[in-house]
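> everything below, folded, please.
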Amino acid sequence: MSSLPELVEKVEVVCQSAATFLAMIRKGREEEVLKRLEARAKATIKIGAALAKFDYKGHSLTYVAPDRLIVRLKDAGTLEDAKALLAELLA
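Numbering: from 1, shown residues only. Now for the predicted structure:
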């Protein structure tokens, strides 16, 4: 069972051709999402609590405080691919 709906309010397409998506983290779940990202993905940049960038299997994830997560897939992908990646990472 995916914990994605509990942690992420919605996932939207930012730019389909660049395989870039925006996930809105549910209010009050930001710390939990960050902990799960830190446990599974490689942190590449961290600027205080405002911004953190992660790499996971070649995919780029950028946390922008207070509640946004930008997902950039390494290859072309769909909204469903982005949701599947988030479900895997945040399980």
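> centroid-nearest residue for the chain?
Leu69 (4.5 Å; C-alpha atoms, centre = their mean).
> now the nearest residue to Arg72 once chain neighbours are set aside: phi and psi?
Nearest residue to Arg72, sequence neighbours excluded (C-beta to C-beta, 6 or more residues apart in numbering): Ser60, at 4.2 Å. In this view, the C-beta of every residue, glycine as well, is placed from N, C-alpha and C. Dihedral pair for Ser60: phi -110, psi 130, per degrees, to the nearest 10.
> burial count for Ser60?
A count of nearby residues for Ser60, using other C-beta atoms under 10 Å, gives 17.
> on that earlier part again, surely the residue nearest to the centre of the chain is in contact with Leu22?
Yes: taking C-beta atoms under 8 Å as the contact criterion, Leu69 and Leu22 are neighbours in contact, 7.4 Å apart.
> which residues does the closest residue to Arg40 other than its chain neighbours contact?
Spatial nearest neighbour of Arg40, chain neighbours left out: Leu89 (5.4 Å); criterion: C-beta to C-beta, 6+ apart. Residues in contact with Leu89 (C-beta atoms under 8 Å, 6 or more residues apart in numbering) are Arg36, Leu37, Arg40, Ala41, Tyr56, Leu61.
> of these, just the buried ones, ChimeraX syntax please.
Entered in ChimeraX, the line below selects the buried ones among the contacts of Leu89, by 16 or more other C-beta atoms under 10 Å:
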select :36,37,41,56,61
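> next, format the contacts of Leu89 as JSON lines and append distance to Ala49.
What follows is these, written out as JSON lines (distance: C-beta to C-beta, whole Å):
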{"residue": "Arg36", "distance to Ala49": "16"}
{"residue": "Leu37", "distance to Ala49": "13"}
{"residue": "Arg40", "distance to Ala49": "20"}
{"residue": "Ala41", "distance to Ala49": "17"}
{"residue": "Tyr56", "distance to Ala49": "20"}
{"residue": "Leu61", "distance to Ala49": "16"}
